[in-house]
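# Sequence and predicted structure are below.
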Amino acid sequence: MRLFSQYCRTLEYAVAIADAPAVPLDAEDIGRVHSFEECLMVMVGVEQGDADTSRVSAAAKAVNRICRNTQVTPKRVVLNAFAGLADRRICADPAEADAAVAALADRLKARGHDVHVMPFGWNKEWSATVAPGVWEQRVVELKPSADRLEPGAR
């Protein structure tokens, strides 16, 4: 699993075009703008086997650590499954990717985070004001056997 996080002073997105397969949405949800302030946006690249409990737990620990180390504690964590982050040779199928992100959201909620999950399988229009800083913009790669941040995490 690969995580790309950005601490956003502001974040707005709207779902635009469905990809196959996409979760079903009501017509009024397409194009509707979702706005957030002081949030951590996390793009999640899910690879085969990442829906495993230990991998989801490692991802939740990594996100929690990032939240603790940003200059301003995020009010919300916004998750978005993003296949482009995963290794193409071992990219999870859509069902596993959706399940892994949902499990990550549940784990983060259990840790006390307010979590919003962007609809799976949709292309989105978005804009963000990203804060500078070492922890505010972070890439984490969790190896299949990892239960902690890997030494190569940036």
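Cool, the structure landed.
# All the strands of the protein, in order from the start?
2-18, 34-45, 76-81, 115-117, 122-130, 137-141 (DSSP state E).
# So which bits of the shortest one are buried?
To tie it back to what came earlier, the one meant is strand 115-117. 115-117 (16 or more other Cβ atoms under 10 Å). Placement of C-beta: from N, CA and C, glycine included.
# Take those residues and lay them out in CSV including distance to A131.
What follows is the buried residues of strand 115-117, written out as CSV (distance: Cβ to Cβ, whole Å):
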residue, distance to A131
V115, 20
H116, 18
V117, 22
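# S5: which of the residues you listed is nearest?
V115 (13.2 Å; Cβ to Cβ).
# residues touching the closest one, list them.
Shown in contact with V115 (Cβ atoms under 8 Å, 6 or more residues apart in numbering): 76-79, 105, 108-109.
# Is it bridged to anything, and to what?
Judged by DSSP bridges, the bridge partners of V115 are V77.
# how close does it sit to A18?
To A18, V115 is 23 Å away according to Cβ to Cβ, to the nearest Å.
# Next: T73.
As judged by Cβ to Cβ, T73 and A18 stand 34 Å apart.
# So those two - more neighbours on which side?
A18 (15 against 11; other Cβ atoms under 10 Å).
# Excluding residues flanking it in the chain, which one is nearest that one?
Using Cβ to Cβ, 6 or more residues apart in numbering and skipping residues adjacent in sequence, the residue nearest A18 is W122, 5.6 Å away.
# Could you verify my assumption that the one you found touches Y13?
No: using Cβ atoms under 8 Å, W122 is not in contact with Y13; the gap is 9.6 Å.
# quick revisit: need the buried ones from the contacts of V115 selected in ChimeraX.
Buried residues among the contacts of V115 (16+ other Cβ under 10 Å), as a ChimeraX selection:
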select :76,77,78,79,105,108
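# who touches stretch 42-62?
Residues outside stretch 42-62 that contact it (Cβ under 8 Å, 6+ apart): 1-5, 63, 77-87, 90-92, 96-97, 99-101, 103-104, 107-108, 111, 140, 142, 144, 146-149, 153.
# Same question for stretch 67-83.
Under Cβ under 8 Å, 6+ apart, the answer for stretch 67-83 is 4, 7-8, 11, 36-46, 63, 91, 97-98, 100-101, 104-105, 108, 113-118, 120-121, 124, 131, 133-136.
# I'd like to know which of those are buried.
4, 7-8, 11, 36, 38-46, 63, 91, 97-98, 100-101, 104-105, 108, 113, 115-118, 120-121, 131, 135-136.
# All set now, cheers.
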